[in-house]
Structures are given as C-alpha cells and as structure tokens.
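# Dropping a prediction and its sequence here:
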Amino acid sequence: MDALEAIGTRRSVREFLAEDVQESLINDILEAGRWAPSGLNNQPWKFAVVKDRGLREKLAKCTKYGKTVMAAPVSIAVFLDSKEGYNRTKDVQAVGACIQNMLLATHALGLGAVWLGEIINQREEAEKVLNAPEGCELMAVIAIGKPVEKKRTSMRKRIGDITLG
C-alpha cells in the first residue's frame, strides 16, 4: 500500500487474535521507527519489545488499558533517551514521528496497533517494570497484533476547520 493509503486507512486496533507476531515483522516495525526524522538526526529513542506474558501482566497494571496490553501478543515501549537529546521539544516531536512511522508500518504489514499514551500517567512504575535505563523516559506503549476483523471508522475535521486564515 502506498503512504497516503496507509495514512488514510490506519485505525487504532484494541482487539487482537491470539496469534504470535513474527520476529521479522517486529523488526520491520522497529526499522520504520528508526527511520523517523529527528533534529540533528539525533534519533533520541529507545525501544523495549515486550512479549513475555508475565511482563505484559505487570505492564498492564500500569494503565487503565491493561486489557489491551494483555490482548496484544507484543507491545513496544517507546522511550525518549535524554542522553541523545539536545532540545526537549524537538526530541519529543521526533519520538512522536517515530511512533507514527511504527503505527503506519504495522498497518502496512497487515497487523493492528494502538498508541497507548495514558500509561505515562504511571510512567515511573512502568519504567521500573521495564527496567528502563537511567535517562530513558517512557513516552508511549504500542500494543501490536493480528487484528480481530471488524469495521473500524474514524472521522476527521474538514480541512477548512483546521486551517488558519
């Protein structure tokens, strides 16, 4: 699928089939994140791939969306690595671009995913669960798996409603 099709058809997926995700697909998703733009090409992100059920259970307790974490056979925690940063605003924007690349790649690969940002409300607890290194700040968790087939829709504001002038 081309980029515009992927952007226009990607939806958040919260229900997954009980099937593993191939390691090669996980690597493709990480690769997509790795190629996101960043200021000075500093690439201020780190990833933790979570497949172990026991670890997923602990991570699930760090968010009100724990059911989604448990339903997904794999989650990728995305961190901002302050050791690689140079401007917090630009670095956070770069991590957002990284996450979007990963979501689009997941969709293009025939998988489903959802960006779980609420988990940052329990960031310190989640970082302990994930044994995050010093200087790595959790930005989000992406829950990934084969999507349960169902119609997913989304509305967007009209272009005229979001452009100034």
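Arrived safely, thanks for sending.
# Return the distance of Glu5 relative to Val95.
Plainly put, Glu5 is 25 Å away from Val95 if you go by C-beta to C-beta, to the nearest Å. Glycine gets a C-beta too; all of them are placed from N, C-alpha and C.
# Show me which of those two is the more surrounded one.
When neighbours are counted by other C-beta atoms under 10 Å, Val95 comes out ahead of the other of Glu5 and Val95, with 25 against 11.
# what's the offset of the helix or strand where that one lies from the middle of its chain?
Element membership for Val95 (DSSP states H and E) is helix 88-108. What separates the centre of helix 88-108 from the centre of its chain is 8 Å, taken as C-alpha atoms, centre = their mean, to the nearest Å.
# Buried residues, that helix. List them.
If you call a residue buried by 16 or more other C-beta atoms under 10 Å, then helix 88-108 has these buried ones: 91, 94-108.
# Ok, stretch 29-38 next?
The neighbour-count criterion (16+ other C-beta under 10 Å) identifies 29-30, 32-33, 36, 38 as the buried residues of stretch 29-38.
# Touching that stretch from outside, list them.
43-45, 47, 49, 76, 78, 90-91, 94, 97-102, 104-106, 109, 111, 144 (C-beta atoms under 8 Å, 6 or more residues apart in numbering).
# okay, how far is it across that stretch, tip to tip?
17 Å (C-alpha to C-alpha, to the nearest Å).
# ditto for stretch 131-150
For stretch 131-150, the first-to-last residue distance is 36 Å (C-alpha to C-alpha).
# Let's test this: mean pLDDT of it, rounded?
The pLDDT scores in stretch 131-150 average 97.
# again with stretch 85-101
In the prediction, stretch 85-101 has an average pLDDT of 97.
# And for that stretch, what's in contact with it?
For stretch 85-101, the external contacting residues (C-beta under 8 Å, 6+ apart) are 32-40, 42-45, 78, 80, 82, 84, 115, 139-140, 142.
# Show me the residues you listed that map onto strands.
Counting by DSSP state E, those place 45, 78, 80, 115, 139-140, 142 in strands.
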